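I would like the atomic coordinates for the input below:
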Amino acid sequence: MTGPAAYDHTPAGERAAQEMLHLTGLVLAARTLAAGVTPTLEKLVSDTAAVGSAYFQLESLDLAYRVRAATGEMPATAGMEAIAAHGLPVDTPLLQALRAGAPLFVDDTRASAVTAGFPELGVASVAAAPVRASDGRLLGAFLMHTLSPHCWQPAEVALFTLVSGTVAALSGRLAAEEDARQTREAALRALGLMLEARDGETHGHTDRVTRLALRAAQSLGWAGDHLEALRWGAYLHDIGKIAIPDAVLLKPGRLTDEEWATMRSHVEAGERFARALAFLPPVALNVIQDHHEHWSGRGYPAGKQAERISVEGRLFALCDVYDALTSERPYKRAWTHEAAVAELRAQAGQQFDPELVEVVIQAAEGAGPEDAGRALLN
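Coordinates of the predicted model:
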């Protein structure tokens, strides 16, 4: 008998159950799908004859199943390099066969129509298991392979069926959550860009200041959810300006005291809007409500001073001002990097947290286009 029922109460069976619980816990705790499934792929390679294993996930826009995580040895062929870059087409016979629902085990890919194309990739034997959404749709597949023909043994079949079956169900949920996060991310960035479309003087500001903030935060050791929340706050930092009348927001000259009070109200308006988005974490709200506060206590809207201002607000304020100084506006030319750096240093201990000034300056001096792109994606 194979499958979950094959595990007994012997020390070996108990050890297998404990390992399965450990893998399940890793998936449940994982922030990303890749982090969740990689330990499972590593176990498949370590406990079977497979030399490599990978998880493929459907990318609907590309009509392909792309590699989201992989471990072990992959064939050094042009075809495998293409798959690593572009994924498996949705009409791949093996993937079509997985729609039936059960894992597949092919001892010799040359002898089966379902593995057409795999011998040319350098894959000699393969096992595959489906990952499904709650409605039964095929979301992806676990694959493990050897580079020479191999007869999959009952213990290997049982392990692959158990591991892939359990983790596949959780991976489907994780994939759906990841898709929801990506949808939220795109929507929040779109809101920031919408404000830019209204306020032409800040074109490109949202993405630039977000990249700079992420780079500075990474140098401080921020990671994971903290970086994501900072990014979301950066997208929405000036969203309250949507409530500011054009006559004030787009006025080319100096604002009157009354108009300036109206302009300053964008922080409270932005905070109200952000709090209505119940999924926004506190770090994102910190950016929105604190990025106009000053270290000296002379900022707005609350007049917070020094470390009463959130660290996210203090960091982002520096990034926001640096980008404003180095960007061309209708009423001024762009400052040089050197002039902007001199101004930030002059305001250390007044407008800005003196310890964070040099952090942001170093981030601005080290941020090239490629680094900036990576920062947005992480």
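
Is it correct that Thr115 is in contact with Leu98?
No - using Cβ atoms under 8 Å, Thr115 makes no contact with Leu98, being 11.8 Å away. (Each C-beta comes from the backbone N, C-alpha and C, glycine too.)

in the stretch 51-200 of the chain, which spans are strands?
Using DSSP state E, counting those that start in this stretch, the strands found in the stretch 51-200 of the chain span residues 52-59, 64-72, 88-89, 104-106, 125-132, 138-146.

between those strands, which gets nearest to Leu249?
The minimum distance between Leu249 and the strands of the stretch 51-200 of the chain falls on strand 52-59, with 39.4 Å, by Cβ to Cβ.

avg pLDDT for the closest one?
Across strand 52-59, pLDDT averages out at 89.

what do you get for stretch 280-297?
Per-residue pLDDT over stretch 280-297 has a mean of 95.

do stretch 300-310 as well
Mean predicted lDDT for stretch 300-310 stands at 95.

got it, and stretch 86-94?
91.

Please compute how far that stretch lies from its chain's middle.
25 Å (Cα atoms, centre = their mean, to the nearest Å).

Give me the buried positions along it.
Counting neighbours by 16 or more other Cβ atoms under 10 Å, one finds that the buried residues in stretch 86-94 are Gly87, Leu88, Thr92, Leu94.

Then stretch 272-289?
For stretch 272-289, by 16+ other Cβ under 10 Å, it's Phe273, Ala274, Leu277, Leu280, Val283, Ala284, Leu285, Asn286, Val287, Ile288, Gln289.

In those, find the pair that's most separated.
Phe273 and Val283 (16.6 Å).

Give me the below-cutoff pLDDT ranges for the chain.
1-17, 20-21, 27-31, 60-62, 134, 166-178, 197, 199-202, 330-331, 367-378 (pLDDT under 70).

quick one on the thing from earlier: dump the buried residues of stretch 272-289 into a markdown table; add secondary structure as well.
Conversion of these to a markdown table gives the following (DSSP: H, G, I helix; E, B strand; the rest coil):
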| residue | secondary structure |
| --- | --- |
| Phe273 | helix |
| Ala274 | helix |
| Leu277 | coil |
| Leu280 | coil |
| Val283 | helix |
| Ala284 | helix |
| Leu285 | helix |
| Asn286 | helix |
| Val287 | helix |
| Ile288 | helix |
| Gln289 | helix |
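
ok, so of those residues, who is nearest Arg189?
Ala284 (12.7 Å).

how close does the closest one get to Ile239?
According to Cβ to Cβ, to the nearest Å, Ala284 stands 11 Å off from Ile239.

joint contacts of those two?
Residues touching both Ala284 and Ile239 (Cβ atoms under 8 Å, 6 or more residues apart in numbering) are Ala274.

For the host helix or strand of Glu271, enumerate the helices and strands it packs against.
Glu271 is located in helix 266-276, with elements delineated by DSSP states H and E. In terms of contacts (3 or more Cβ pairs under 8 Å, 6 or more residues apart in numbering; DSSP states H and E), helix 266-276 is packed against helix 282-290.

just checking, what packs against the helix or strand just after the helix it packs on?
Next helix or strand after helix 282-290 toward the C-terminus (DSSP H and E): helix 311-326. If contacts are counted by 3+ Cβ pairs under 8 Å, 6+ apart, helix 311-326 sits against helix 205-219, helix 224-235, helix 282-290, helix 337-346, helix 354-366.

Let me see the domain layout of this protein.
Domain assignment for the chain by automatic domain parsing gives 4-177, 199-377.

Distance from the chain centre to the first one, please.
Think domain 4-177. On Cα atoms, centre = their mean, the centre of domain 4-177 falls 23 Å from that of its chain.

Make 299 the first number, not 1, from now on.
Right, with 299 as the first residue, what we last looked at is domain 302-475.

before we move on, the earlier item: go through the buried residues of stretch 384-392 and say which is closest to Leu623.
Looking across these and measuring by Cβ to Cβ, the closest to Leu623 is Gly385, at 43.5 Å.

my guess is the closest one meets Ala362, correct?
Yes - Gly385 lies in contact with Ala362 (Cβ under 8 Å); the separation is 3.6 Å.

What residues does Arg612 make contact with?
Asp588, Glu591, Trp593, Phe650, Asp651, Leu654.

Excluding residues flanking it in the chain, which one is nearest Gln355?
Nearest non-adjacent residue to Gln355, counting by Cβ to Cβ, 6 or more residues apart in numbering: Gly438, 3.9 Å away.

Beta-bridge partners for the one you found, please?
Taking DSSP bridges as the rule, Gly438 bridges to Gln355, Val429.

hang on, isn't it packed against Glu357?
No - using Cβ under 8 Å, Gly438 is not in contact with Glu357; the gap is 9.7 Å.

and the two? which has more neighbours close in?
Between Gly438 and Glu357, Gly438 has the larger neighbour count (other Cβ atoms under 10 Å), namely 27 against 15.

and the more buried one, what is it in contact with?
Gly438 neighbours (Cβ under 8 Å, 6+ apart): Tyr353, Phe354, Gln355, Leu356, Tyr363, Arg366, Pro428, Val429, Ser469, Ala473.

With neighbour count and distance to Leu457 as extra columns, can I get the residues you listed in TSV?
Conversion of those to TSV gives the following (neighbours: other Cβ atoms under 10 Å; distance: Cβ to Cβ, whole Å):
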residue	neighbour count	distance to Leu457
Tyr353	29	16
Phe354	24	20
Gln355	23	22
Leu356	21	25
Tyr363	23	23
Arg366	21	21
Pro428	23	17
Val429	27	17
Ser469	27	17
Ala473	21	23
